[in-house]
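Novice: With the sequence up front, the predicted model follows.
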Amino acid sequence: MVVMSSEEFAPPKYAQIVQAIRQKIADGTYPPNSLLPSETQLVREFGVSRPTVVRALQVLQLRGIIEREHGKGSFVKAPPPGSAEQSARPGRAVLDRVEAEENCSVIDAGPLAVPAPIAKLLDIPEGSPVVRRRVLFRDDERPTDLFMVWCPAHRAEGTQLGEVRPLTAGIRQHLRASKGLKLQHVVERLSARHPSADEAKLMDISKTTPVLGVLASVFNGGGRPVLVVDLVLPGELHELEDSYSL
């Protein structure tokens, strides 16, 4: 009989950091609206690499537990009345990610003809010119998620969405700075599925590995769809959590 050690059942390093920070928030060590230790401090505290810390903070942001502000740090979000924590908002979280500060690769970025499913979400004719951007994020162990954004070509003009280099600001901030475009509303669709052959290859997973797909339509203040975000998350590395009052 083979006896397996407890280390073989230990969660990934970033998940251990998530658990530790959540415990400190729960016990009051990090109260609502407080500033978390810097990434450098967390690297020293947990003895891990910076990509692992960044991944943990991204998970906490995705779950609505913290808010990350470029140049300022990560803050504990105050829970709404009657709930333990805010709802997970993966669409918003990925729009605020700063690629240049994370361990990621821009797979491709540039113009192409929009396929029918995305055209419907963008409310434009099939085959219309769009700019697609695909970015693969990693921690120091493996790929963690694949992010894809579709933007009509006329809205992407004058931005860096079509450039194959990491953005130095989140997409939401970048569009506002470069185009004066304010993103105000997101509609998300979540699905459990198997990855496509291309997704499986990029994320180094099998074609039968369950993934969570988040397809988000992003609207401007006038109610027009301006972006479609497609996020692919390996099921074994992610969970979405929600809480609400009855």
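Specialist: Arrived safely, thanks for sending. Residues are numbered from 1 along each chain as shown.

Novice: can we go C-alpha only for contacts and neighbour counts from here?
Specialist: Will do.

Novice: contact partners of the helix or strand of the chain with the lowest mean pLDDT?
Specialist: Every helix and strand of the chain was ranked by mean pLDDT, DSSP states H and E. The lowest is helix 90-95, at a mean of 79. Helix 90-95 has contacts (C-alpha atoms under 8 Å, 6 or more residues apart in numbering) with 58, 61-63, 147, 170-172, 186, 188, 214-216, 229.

Novice: wait, doesn't residue 54 sit right on residue 41?
Specialist: No. Under the criterion of C-alpha atoms under 8 Å, residue 54 is not in contact with residue 41, lying 12.0 Å apart.

Novice: Mind checking which of those two has more residues around it?
Specialist: Each of residue 54 and residue 41 has its neighbours counted (other C-alpha atoms under 10 Å); residue 54 has more, 20 against 13.

Novice: Let me know the helix or strand that that one is in.
Specialist: helix 50-62 (DSSP states H and E).

Novice: got it, and residue 127?
Specialist: Under the assignment here (DSSP H and E), residue 127 is part of no helix and no strand.

Novice: same thing with residue 120?
Specialist: Taking DSSP H and E as the definition, residue 120 sits inside helix 116-122.

Novice: what sits up against that helix?
Specialist: Under C-alpha under 8 Å, 6+ apart, the answer for helix 116-122 is 125-128, 150, 152, 217, 225-228.

Novice: And the residue most central in space within the chain, how far from residue 23?
Specialist: Nearest to the geometric centre of the chain sits residue 94, at 3.3 Å (C-alpha atoms, centre = their mean). Counting by C-alpha to C-alpha, to the nearest Å, the gap from residue 94 to residue 23 is 24 Å.

Novice: ditto for residue 189
Specialist: Counting by C-alpha to C-alpha, the gap from residue 189 to residue 23 is 30 Å.
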